[in-house]
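>>> Okay, sequence plus prediction incoming.
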Amino acid sequence: MPIPSQGSESPDFNLPASSGGNIALNDLKGRKIVIYFYPKDDTPGCTVEACGLRDNYKEFEKHGAVVLGVSPDSVTSHGKFINKFKLPFILLADEDKRTCQAYGVWVEKSMYGRKYMGVARTTFIIDASGKIAKVFEKVKPEGHAQEIIESLRTLK
């Protein structure tokens, strides 16, 4: 599936959460959501990205945004990642990759000439009405938190 465009309705999700239970898009209606998709817990780029979000978390809260990370890793893996790096936000386990597919981030990748399926590092800001307010594709982990905060400043 293609990546949802800015202004379109956000694809629904209902995923197991690192905090226990499930979190669905409907549970968060009326709030701004920063949902970032990343390939794998505790890998170099994903750790840089998560720690950047952690270090700027108060700023996200100031803008009234909920931060959610999504990867195909298990809730158990997410728990270890959160504990190791003291992450203050919830990670969602998309083990069947349906949510990654709905958001268009489950793609063919290539490394050293080998092709495989994986998550394209992508972040979405969802506004309080459930629409996609901003899409960040091909995210570079360093400095990404600041890019998101700049966009939140302009979002009503």
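Perfect, thanks for sending it.
>>> where exactly do the helices run in the protein?
44-55, 57-62, 75-85, 98-102, 144-154 (DSSP state H).
>>> right, and those helices - which one's nearest residue 2?
When the helices of the chain are compared by Cβ to Cβ, helix 98-102 sits nearest residue 2, at 10.6 Å. Glycine gets a C-beta too; all of them are placed from N, C-alpha and C.
>>> ok now the closest one, how far from the chain's centre?
What separates the centre of helix 98-102 from the centre of its chain is 12 Å, taken as Cα atoms, centre = their mean, to the nearest Å.
>>> Could you number the chain from 22 rather than 1 from now on?
Happy to do that; since the first residue is 22 now, the last one works out to helix 119-123.
>>> what mean pLDDT does that helix have?
What helix 119-123 shows for mean pLDDT is 97.
>>> which residues does residue 112 bridge with?
Judged by DSSP bridges, the bridge partners of residue 112 are residue 90.
>>> of the helices of the chain, which approaches residue 27 most closely?
helix 165-175 (10.6 Å).
>>> which other helices and strands contact that closest one?
strand 53-58, helix 65-76, helix 78-83, strand 143-147, strand 153-157 (3 or more Cβ pairs under 8 Å, 6 or more residues apart in numbering; DSSP states H and E).
>>> could you dump the ones you listed to JSON lines with distance to residue 170?
As requested, the helices and strands packed on helix 165-175 are exported to JSON lines (distance: least, Cβ to Cβ, whole Å):
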{"stretch": "strand 53-58", "distance to residue 170": "9"}
{"stretch": "helix 65-76", "distance to residue 170": "10"}
{"stretch": "helix 78-83", "distance to residue 170": "5"}
{"stretch": "strand 143-147", "distance to residue 170": "10"}
{"stretch": "strand 153-157", "distance to residue 170": "12"}
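>>> Touching, residue 35 and residue 44? I think so.
Yes: counting by Cβ atoms under 8 Å, residue 44 is a contact partner of residue 35 at 7.4 Å.
>>> how close does residue 147 sit to residue 89?
Using Cβ to Cβ, to the nearest Å, residue 147 is found at 10 Å from residue 89.
>>> Next: residue 167.
19 Å.
>>> related to what we said a few turns ago, quick one: the helices and strands packed on helix 165-175 as a markdown table, columns for mean neighbour count and distance to residue 128 too.
Below are the helices and strands packed on helix 165-175 laid out as a markdown table (neighbours: other Cβ atoms under 10 Å; distance: least, Cβ to Cβ, whole Å):
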| stretch | mean neighbour count | distance to residue 128 |
| --- | --- | --- |
| strand 53-58 | 22 | 11 |
| helix 65-76 | 18 | 16 |
| helix 78-83 | 14 | 27 |
| strand 143-147 | 24 | 9 |
| strand 153-157 | 19 | 14 |
